[in-house]
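In: Please work out how this folds:
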Amino acid sequence: MIGDIDTYDPIVEEIFPRAVRLLDRLESPSMDTALVLEPMRGDPVLVSAGEKVPGAVLGRYRRAARVTLRVVQCRFVEDDIPTADPGFLQRAEVRFTCQVTDPVEIVRSGIRDMTRAVQPSLAGIMSDVLSEFDVSEYNTALKTLKRELEVLRGRGGIALGNFHVKLLNKSEYYDHTRDMRIESMRRRDMRGVVDGGREELIAQHLVKHDGDPTSLLAAEAEAVDRDKDRMIEMVRISTDEDADPVEMREARRHVFGKIFGDPAMLKPPERKRLSRRDVIASRRDGGPAEVTAGGEAEPVEPREPREVAPPPVPEPPPAPEKRVSRLRGSAAERRGR
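Out: Residues are numbered from 1 along each chain as shown. Modelled structure (predicted):
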């Protein structure tokens, strides 16, 4: 679809001469034009600059057309050119020079708008070339398109040349890519400021504010005041018996962290239970050892063995009683008898 356009009419004058022209005879064309005479019968007659016009007074011509031979700069904008990705369309501006090489063909074809006459051929070439490239392959697509257009020197009495193509993409792709690249450049520059620590941050602030530290000092004082207010609030919550237990625990952690450092450092190191192999190895090396959560073994002083009392001697069981037979009596009674 064609958009904005710069064009011209190659036929600068069209004359319908009378049969007898005593006062308005046909004049010879100037240096940059040509005269095409269309007789009542036969083929058109071409009169170049400096040549005598045949039948300038009495010649029977149906029409006479004066065609310009100047080199003219033309331009048009082509919209909705397909690319390799159907989701993106290109928009291209084409500038080129145009010159009439066959005035008779121009008159016979009735061309009155030069750019619109050549636009379909140029648009077809652009569509064929750009449809093979992704929207991100800007430079490659542009070079290929220029090379293909240079081959089209002209046809049908028209000479084309000096092509200049500019892709005017109306999609969001290039704007998004540009914004992302600018953000990446800014992050890269700011990374050096952040890595430089407090002094670099202060220097960056002074550069942005023409060396005036007022706003920086005010911001730091405000931050200190906020920290003090928060500390007071945490102390109040940690000592309030009616406070929520969860809030009280968090408040105490915050207060202890401010006073003693990181609350995580206040916890005792976790100890790892030794395996039997580790115990045997530690005894062989000189004593038992305990391993903390970090994996480092800490030697433990050997403990003195406790005195163990000997086990009590069991008493002998009582002798079983001898049973006496009611009929025979005991053995002693039988011997007395």
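
In: So Leu149 sits against Ile125, correct?
Out: Yes - taking C-beta atoms under 8 Å as the definition, Leu149 is a contact partner of Ile125 at 6.1 Å. Yep, even glycine has a C-beta here, placed from its N, CA and C like the rest.

In: any idea where the strands of the stretch 101-250 of the chain begin and end?
Out: Remark: strands assigned in the stretch 101-250 of the chain by DSSP state E, counting those that start in this stretch are 158-167.

In: Leu149 and Ile125: which is more packed in?
Out: Leu149 (21 against 16; other C-beta atoms under 10 Å).

In: So that one versus Lys228, what's the distance?
Out: 72 Å (C-beta to C-beta, to the nearest Å).

In: for Arg18, same thing?
Out: 106 Å.

In: ditto for Val45
Out: 103 Å.

In: Looking at those two, which one has more neighbours?
Out: More crowded of Val45 and Lys228, by other C-beta under 10 Å: Val45, with 17 against 10.

In: With adjacent residues omitted, what lies nearest to that one?
Out: Closest residue in space to Val45, ignoring its immediate chain neighbours: Leu37 at 4.1 Å, by C-beta to C-beta, 6 or more residues apart in numbering.

In: what sits against the one you found?
Out: Residues counted as contacts of Leu37 (C-beta atoms under 8 Å, 6 or more residues apart in numbering) are Leu26, Pro44, Val45, Leu46, Val47, Val53, Pro54, Gly59, Tyr61, Arg63, Ala64.

In: Run through the helices of the chain in chain order.
Out: 103-109, 114-130, 138-151, 173-195, 197-208, 214-239, 245-260, 276-285, 331-336 (DSSP state H).

In: wait, which of the ones you listed is closest to Leu89?
Out: Proximity to Leu89 (C-beta to C-beta) singles out helix 114-130 among the helices of the chain, at 9.3 Å.

In: Which strands and helices lie in contact with that closest one?
Out: strand 2-6, strand 72-82, strand 89-100, helix 138-151, strand 158-167 (3 or more C-beta pairs under 8 Å, 6 or more residues apart in numbering; DSSP states H and E).

In: From the chain's centroid, how far away is the second one?
Out: Going by C-alpha atoms, centre = their mean, to the nearest Å, the spacing between the C-alpha centre of strand 72-82 and its chain's C-alpha centre is 30 Å.

In: What are the contacting residues of that strand?
Out: Contacts for strand 72-82 (C-beta under 8 Å, 6+ apart): 1-8, 89-99, 114-115, 118-119, 122-123, 126-127, 130-131, 168, 170.

In: Mind giving me the ChimeraX command for buried ones among these?
Out: Buried residues within the contacts of strand 72-82, by 16 or more other C-beta atoms under 10 Å, are selected in ChimeraX with:
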select :7,89,90,91,92,94,96,98,99,114,115,118,119,122,123,126,127,130
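
In: what's the span of stretch 204-214 from first residue to last?
Out: One end of stretch 204-214 sits 14 Å from the other (C-alpha to C-alpha, to the nearest Å).

In: Please renumber the chain so that the first residue is 26 from this point on.
Out: Sounds good: first residue 26 from here, last item stretch 229-239.

In: That one: which residues count as buried?
Out: Residues of stretch 229-239 classed as buried by neighbour count (16+ other C-beta under 10 Å): Gln229, His230.

In: model confidence over it, on average?
Out: Stretch 229-239 comes out with an average pLDDT of 77.

In: Mean pLDDT and distance to Gly221 added to the helices and strands packed on helix 139-155, as a markdown table?
Out: Below are the helices and strands packed on helix 139-155 laid out as a markdown table (pLDDT from 0 to 100; distance: least, C-beta to C-beta, whole Å):
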| stretch | mean pLDDT | distance to Gly221 |
| --- | --- | --- |
| strand 27-31 | 66 | 51 |
| strand 97-107 | 90 | 48 |
| strand 114-125 | 90 | 44 |
| helix 163-176 | 85 | 37 |
| strand 183-192 | 89 | 41 |
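
In: out of the ones you listed, nearest to Leu231?
Out: Short answer: helix 163-176, nearest of the helices and strands packed on helix 139-155 by C-beta to C-beta, at 40.5 Å.
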